[in-house]
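Engineer: sequence and predicted structure are below.
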Amino acid sequence: MTAVSETSSESGLTSAEASARLAEVGPNTLKPRRRASVWRMLIAQLTHLLALLLWVAAGLALVAGTTALAVAIVVIIILNAAFAFAQEYRADRAAEQLRSLVPVTAHVVRDGAAVEVAAADLVPGDLVVLAAGDRVGADLQIASCDGLLVDESIVTGESVAVARGAGDRLIGGTFVVQGTARSVVMATGPRTQLAEIARLTEGAARPASPLTLELRRVVRVIAVIAATVAAGLGGAALLLGLGPLAAAIFAIGVAVALVPEGLLPTVTLSLARGAEKMSTRNALVRRLDAVETLGATSFICTDKTGTLTQSRMNVVIVVTVTGAVHVHGEGYLPVARLTGPPSAVALAADVTRAALRCVSGRVAETPEGWVADGDPMEAAFHCLALRLGLTVEPEGQRTAYTSERMVSSSIDGTTVSVLGGPEAVFARCRAVPDDMVRAVQQLADAGKRVLAVGTRRWTAEPSPEAEHDLELLGLLALEDPPREGVAEALRACRSAGIRIAMITGDHPRTGAAIARELGLLGTRGVVLDGADLPADDVALADAIDHDDGVVVARAQPADKLRIARALRSHGHVVAMTGDGVNDAPALREADVGVAMGAAGSDVAREAADVVLLDDHFATIVAAIELGRATFQNVRRFLTYHLTDNVAELAPFVVWAVTGGSVPLAIGVLQVIALDIGSDMLPALALGAEPARADTMKGRRQRSSIDRVLLARAFLVLGMTEAIVSMGAFVAVLLLGGWRWGDVPAASLQASASGTAFAAIVLGQMANAFACRSTRLPVWRLRFGENRAVEWAVAAQAVLLLIFLGVPPLATLLGGSWPPPHGWLLAAVAVPAVLVADAVHKSIAAGPSASRGRGAPSMLKSTKGLP
């Protein structure tokens, strides 16, 4: 088939014309992206506010003479910076992936002869010769072709090659699978569709994750508090008679006591563990903070085919002029039960035969069973033919389906067959019975995808007129079964307060029916046509932001970008799915871009934060549940970390308030040993706590640190530890003969300090178990469910013995082994913390509190512990 473009000729351009056009339009290359300097990216990870606080802590440790602790803090800073740098560097390569799709060379006709030129030298008007295995080097229009099949997965995400014919456009970066073609270059370099996608991908700024924003806020607050309190107490020390150097060292101790040195590594490792868990559930996390962001998701925009459905099309009804034939079959098995009038069955064979001529997809028997070989929908027609006992006839001369024509056709001898959307085929028919029009509406309302088939005789040369004046043979209704587990996943989303929009290319009636069948669209749900979406983003957000389900039908990839941006402006944390190159900008714009791993394009996967290895919607919901569990674990170890900050700060406050009459209970090095040494393992273990049964119940709170958490950490748990540790310190001093205002002997001071240190560590050991739940006291928890906490507490006990029992280390830190009565006093911290925690939980729960069951968990290993 041939359609010669006005810009082409059989001899192609002359060399002089090509050179002139190259000078005019420039090379056929994508504009290089200005990337941030690698060194600048790395330095940024080493100098953000929390890193600066850690640098200060390291410097203070060095000044105090504890080189080992200073080195340990620096190592933590560097490792975290390197990890974050690697994540950022890998996550920002989508535009670079696009540039790799442009081939190095191309075959063109110039001066009447076929020559090979650099792809960068292609110019508009060039006549390009394509063969199987070639990458399309620019945006082209087909002049002539023979059996051309093109892999457009990098744009559409569809893995099946599509047939293209004369007059069709080819997008640069696509791949010729079969056949040959001569095509005219229509656009090159920055004017191609690939370049436009690259610009959109680069222009869609990746938003900061909720956890990143929260950590920035926490760090700012901690920095201000640490600086303010340190300056205030340092000034008080000066007023109490300390020299400038001593007052400065005192202020340094206060600042170090308030800086949570272990916070950043704990967060990082907890997110890494969450990512590891997600990978076992077929969700591959490409950006670490996406783990927590998934847990904050409040709106999911999902594709339909392959994500909500099986992408396993089946013809279930054939409508003819004499009646309907129902096809009862399973999968692609070529055996089925047919029900309907005998005359309709005979006509159904004619409809199927005509449809089959217009497609190339087939079913094939493999060791795994009957599967689609080619497009799943086209394979469904072949499967139907086998079920009807038809012999597959040799293919005629086909004209591929295009979105402009909405039909595909075939000429076999004198018979023309046309297959396509009902509206397009009806418009080409000489007459359409009213029953057929009503049948299309009824089938669409039932969630079926409907195609119409028409035929005619044609004895002249092939031309577009052959597709008109048709006789309508009938309708083919196909269904794509829902994927197992989708309905349960949607119910879990509703229980979790997560809103959902299905974005599909289907007819609005079909999309709405499928969404209702899945349980996605409720009675108050909204169905929108992509062509009618409001132009204003505020109005668009208002139109889509509904709690009973939304269907956006006949949508284009550009619509997904606008939808993501509009919903984010409404305050939603948006998860957006996509599989094609055109989806990349929307995936970057969303808070969490979710790409398909089985059927998606490389570019979509590069632009995404999470890749679904099984392309299943239920996997998204399971990942969200894991993200919520990770968020809850972040709150657990934040509570744990912040608790002993109160106990660490208390000695400095007591010293200042008493005018120095009470000696310092612990020193700077002991504070750092607590934060980096004894607290790290239990905090990490709390990050491994499994998801609770009510994880998907109700909307997730937006802030990881709120008044409830701070009150519990500072006023309940922290204050209890502070009171017990200071009480034990003073009691050991008094029992050793110390009197108020005296300077204790060095040995007594060291043993009392060791007692205070032991009380804080023992209190934190109890606190590790208390932080496992926000509602239940420790004695109602299931032990053995999180072995990591138990092993971490055992390790903490060993570290305590080492810190106090190894003389050189104990001397370096500033404490010593407590006396027997000191150990007894320190041990009071365990029951004190547990009782204070239980009383607080009882008061917070109230007499009428009830837990409720919540939504069913999407995690098969989830236990029912609140």
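Structural biologist: Sure, I can see it. Numbering: from 1, shown residues only.
Engineer: all helices for the stretch 301-450 of the chain, in order.
Structural biologist: Along the stretch 301-450 of the chain, the stretches classed as helices by DSSP state H, counting those that start in this stretch are 342-357, 376-387, 422-428, 434-445.
Engineer: Throw the ones you listed into TSV and include distance to A120, thanks.
Structural biologist: For the C-beta atoms, the positions are set from N, CA and C on the backbone; glycine is no exception. Shown next, in TSV, are the helices of the stretch 301-450 of the chain (distance: least, CB to CB, whole Å):
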stretch	distance to A120
helix 342-357	42
helix 376-387	37
helix 422-428	40
helix 434-445	48
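Engineer: wait, which of the ones you listed is closest to P831?
Structural biologist: helix 376-387 (64.9 Å; CB to CB).
Engineer: coming back round to it: buried deepest among the helices of the stretch 301-450 of the chain, which one?
Structural biologist: Highest mean neighbour count of those: helix 376-387, a mean of 24 (counted as mean count of other CB atoms under 10 Å).
Engineer: show me what that one packs onto, helices and strands only.
Structural biologist: Helices and strands touching helix 376-387, by 3 or more CB pairs under 8 Å, 6 or more residues apart in numbering; DSSP states H and E, are strand 314-320, strand 323-329, helix 342-357, strand 362-366, strand 369-373, strand 471-479.
Engineer: rewinding a little: nearest to T415, of the helices of the stretch 301-450 of the chain?
Structural biologist: Between those, helix 342-357 lies closest to T415; by CB to CB that is 7.9 Å.
Engineer: for the closest one, name the packing helices and strands.
Structural biologist: For helix 342-357, the helices and strands in contact under the criterion 3+ CB pairs under 8 Å, 6+ apart are strand 314-320, strand 323-329, helix 376-387, strand 415-420, strand 449-457, strand 471-479.
Engineer: pipe the ones you listed into TSV and attach mean pLDDT and distance to L800 per row.
Structural biologist: Converted to TSV, the helices and strands packed on helix 342-357 look like this (pLDDT from 0 to 100; distance: least, CB to CB, whole Å):
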stretch	mean pLDDT	distance to L800
strand 314-320	94	66
strand 323-329	91	69
helix 376-387	89	63
strand 415-420	91	76
strand 449-457	93	67
strand 471-479	94	65
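Engineer: quick one: closest of those to K560.
Structural biologist: Nearest of the helices and strands packed on helix 342-357 to K560, taken as CB to CB: strand 449-457 at 20.9 Å.
Engineer: A673: which of the helices and strands packed on helix 342-357 is closest?
Structural biologist: Comparison of these against A673 by CB to CB identifies helix 376-387 as nearest, at 62.3 Å.
Engineer: now that closest one - C-alpha only, CSV.
Structural biologist: C-alpha atoms of helix 376-387 as CSV (Å, rounded to 0.1, in the frame of the first residue of the first chain):
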residue,chain,number,x,y,z
PRO,A,376,-4.6,-10.1,23.7
MET,A,377,-7.8,-8.7,22.1
GLU,A,378,-6.8,-10.0,18.6
ALA,A,379,-6.0,-13.3,20.1
ALA,A,380,-9.5,-13.5,21.6
PHE,A,381,-10.9,-13.4,18.0
HIS,A,382,-8.7,-16.3,17.0
CYS,A,383,-9.8,-18.2,20.1
LEU,A,384,-13.4,-17.6,19.2
ALA,A,385,-12.8,-18.9,15.7
LEU,A,386,-11.4,-22.1,17.1
ARG,A,387,-14.3,-22.5,19.5
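Engineer: quick one: that helix to strand 471-479, angle?
Structural biologist: Going by axes from the mean of the first three to the mean of the last three CA atoms, to 10 degrees, helix 376-387 is angled at 110 degrees with respect to strand 471-479.
Engineer: would you map the helices across the stretch 601-750 of the chain?
Structural biologist: Assigned by DSSP H, counting those that start in this stretch, the helices in the stretch 601-750 of the chain fall at 602-607, 617-657, 668-672, 680-686, 707-710, 719-735, 746-770.
Engineer: and what of the stretch 101-250 of the chain?
Structural biologist: Assigned by DSSP H, counting those that start in this stretch, the stretch 101-250 of the chain shows helices spanning 153-156, 193-203, 210-239, 244-258.
Engineer: so where is the stretch 401-550 of the chain shaky, pLDDT-wise?
Structural biologist: Low-confidence segments of the stretch 401-550 of the chain (pLDDT under 70): 401-405.
Engineer: which helix or strand in the protein has the lowest average pLDDT?
Structural biologist: In the chain, the helix or strand scored least confidently by mean pLDDT, DSSP states H and E is helix 94-99, which has a mean of 44.
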